[in-house]
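>>> Can you look at this prediction? I've put the sequence above it.
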Amino acid sequence: MDYFMNSAGISVPCIREYEIETDENLKKGTIMTLSSGAAAKASGSDTVLGILAEDYNTEKDQLNPRSGSGRARIIVSPGTICRQPLYETVAEENATATSLKINGHTVPSEANLFKGGYIKLVYKSDTSENADFVGKTRKITASSSDTLTVESGGIPNTGDIYAILPPAGFSYIALASDGTSFDLSSSKSSVAQIVSCMPENDYCEIGFLKTFFN
């Protein structure tokens, strides 16, 4: 997860240094919370402090004087908006000219939560007869659990890869195990939501709902 801007459009992040408690190496972009006065990797519904401004290793590192020091630099800009890669799914043989099933992700069961979003063809298998070109986007007009109804177009062939772009305001996401991004989820997050996922981009934008600085 990369800092993009804050909600006021400021692209230069506000960075503060905090004591850190961790027994594992953490990557730049890891979402952090506060625990007993120190920064720690966030999980679940923790209130967000910010995101790591650089990698932090528990052992000393000559290339990063803060590694192993017990202190880390964290981006704490109020209204932070971050970028992360789009969600991808591999098409199966049951796809049609107007439908695509989301595979490889946990998704909510409620109807039409993906309505208003897009699918985007990002890869065609070597044997694909899909009439759409790579990069073609189609609007999602309805959804039912893991099945998307989309504008008519090429029939997805087995092995074709599509990016799933949920609509702005979509909040059925959960913090990934490494703490650096959000996965699709069956339940609504109280921590973050998608604030933009435009079809011309190769990323979606995440905004935090619950932070120490909002």
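Yep, it's here. Here the structure is a predicted model, which means the values were calculated and not measured. Numbering: from 1, shown residues only.
>>> so how far is stretch 65-85 off the chain centroid?
Taking Cα atoms, centre = their mean, to the nearest Å, one finds the center of stretch 65-85 at 17 Å from the center of the full chain.
>>> which of the residues in that stretch are buried?
Neighbour-count burial for stretch 65-85, counted by 16 or more other Cβ atoms under 10 Å, picks out 66-67, 71-77, 79-84. (Glycine included, C-beta is placed from N, CA and C.)
>>> Quick one: mean pLDDT over that stretch.
Here stretch 65-85 scores 94 as its mean pLDDT.
>>> Adjust the sequence numbering to begin at 545 for everything that follows.
Let's use 545 as the start, then, which means that last one is stretch 609-629.
>>> start to end distance for it?
By Cα to Cα, to the nearest Å, the extent of stretch 609-629 from end to end equals 30 Å.
>>> residues contacting the residue sitting furthest away from the middle of the chain?
Most distant from the centre of the chain: Gln606, at 31.7 Å, with distances by Cα atoms, centre = their mean. With contacts defined as Cβ atoms under 8 Å, 6 or more residues apart in numbering, Gln606 has no neighbours.
>>> longest strand in this structure, by residue count?
Using DSSP state E, we find that the single longest strand of the chain is strand 681-688.
>>> Ala675: how many residues sit nearby?
Look at Ala675: counted by other Cβ atoms under 10 Å, it has 11 neighbours.
>>> One more: Ser653?
The burial count for Ser653: 10, using other Cβ under 10 Å.
>>> Surely it and Ser730 touch.
Yes. With contact defined as Cβ atoms under 8 Å, Ser653 counts as touching Ser730 (6.8 Å).
>>> so what's Ser689 closest to, chain neighbours aside?
Sequence neighbours aside, Ser653 is the residue nearest to Ser689 in space, at 5.0 Å (criterion: Cβ to Cβ, 6 or more residues apart in numbering).
>>> so what's the backbone phi/psi at the one you found?
For Ser653, the backbone dihedrals (degrees, to the nearest 10) come out as phi -90, psi -20.
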